[in-house]
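In: sequence and computational prediction follow.
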Amino acid sequence: MDLVKYVQDKYITKKEFPEFKAGDTITVYYEIKEGAKTRTQFFKGTVIQIRGTGLTKTFTIRKMSGDVGVERVFPINMPALQKIEVNRQGRVRRARIYYFRDLRGKKARIKDKSYGGKK
């Protein structure tokens, strides 16, 4: 296990992204290659979970596209990942908010960190 960690630290370049956690609304900008062209696309949604540690960390984002929920998993060390913006910090009590998938309408709102309770 130490050898794998050593190789990751030594040879894989680490990108600097802002800190975020479950319940935050973020925008992820990533590069898409279509033939010879490349373009930047963004995906804005709520963070459902963060899984893993170090360079193998992944995070799942969920957004509503009409009436259909769309989830996408991003590796934190994906080469096509350009930048991450934290739009809102949410206040949730769990690290993985899978219950968020079943909520619709006003029930699917997450409180802002700046408003409710403890800071």
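Out: Sure thing, it's come through.

In: find the nearest non-adjacent residue to the residue nearest to the spatial centre of the chain, please.
Out: The C-alpha lying nearest the average C-alpha coordinate of the chain belongs to Phe59 (C-alpha atoms, centre = their mean; 4.5 Å). Leaving out its chain neighbours, the residue that sits closest to Phe59 by C-beta to C-beta, 6 or more residues apart in numbering is Ile50, at 4.7 Å. For glycine as for every other residue, the C-beta is placed from the backbone atoms N, C-alpha and C.

In: residues contacting that neighbour?
Out: 20-22, 57-60, 95 (C-beta atoms under 8 Å, 6 or more residues apart in numbering).

In: which among the residues you listed gets closest to Arg39?
Out: Set against Arg39, the nearest of the contacts of Ile50 by C-beta to C-beta is Phe59 (22.5 Å).

In: what sits against that closest one?
Out: Per C-beta under 8 Å, 6+ apart, neighbours of Phe59: 20, 47, 49-51, 73-74, 76.

In: related to what we said a few turns ago, where does the residue nearest to Phe59 fall, phi/psi-wise?
Out: For Ile50, the backbone dihedrals (degrees, to the nearest 10) come out as phi -130, psi 130.

In: next one: Phe100
Out: According to degrees, to the nearest 10, Phe100 has phi -60, psi -20.

In: ok, the nearest residue to it once chain neighbours are set aside to Asp102 distance?
Out: In this structure, Phe100 finds its nearest non-sequential neighbour in Ile48, 6.2 Å apart by C-beta to C-beta, 6+ apart. Ile48 is 12 Å from Asp102, where distance means C-beta to C-beta, to the nearest Å.

In: what does Phe74 give?
Out: Taken as C-beta to C-beta, the span from Phe74 to Asp102 is 23 Å.

In: compare those two and say which is more crowded by neighbours.
Out: For the pair Phe74 and Asp102, the greater number of neighbours falls to Phe74 (18 against 9), based on other C-beta atoms under 10 Å.
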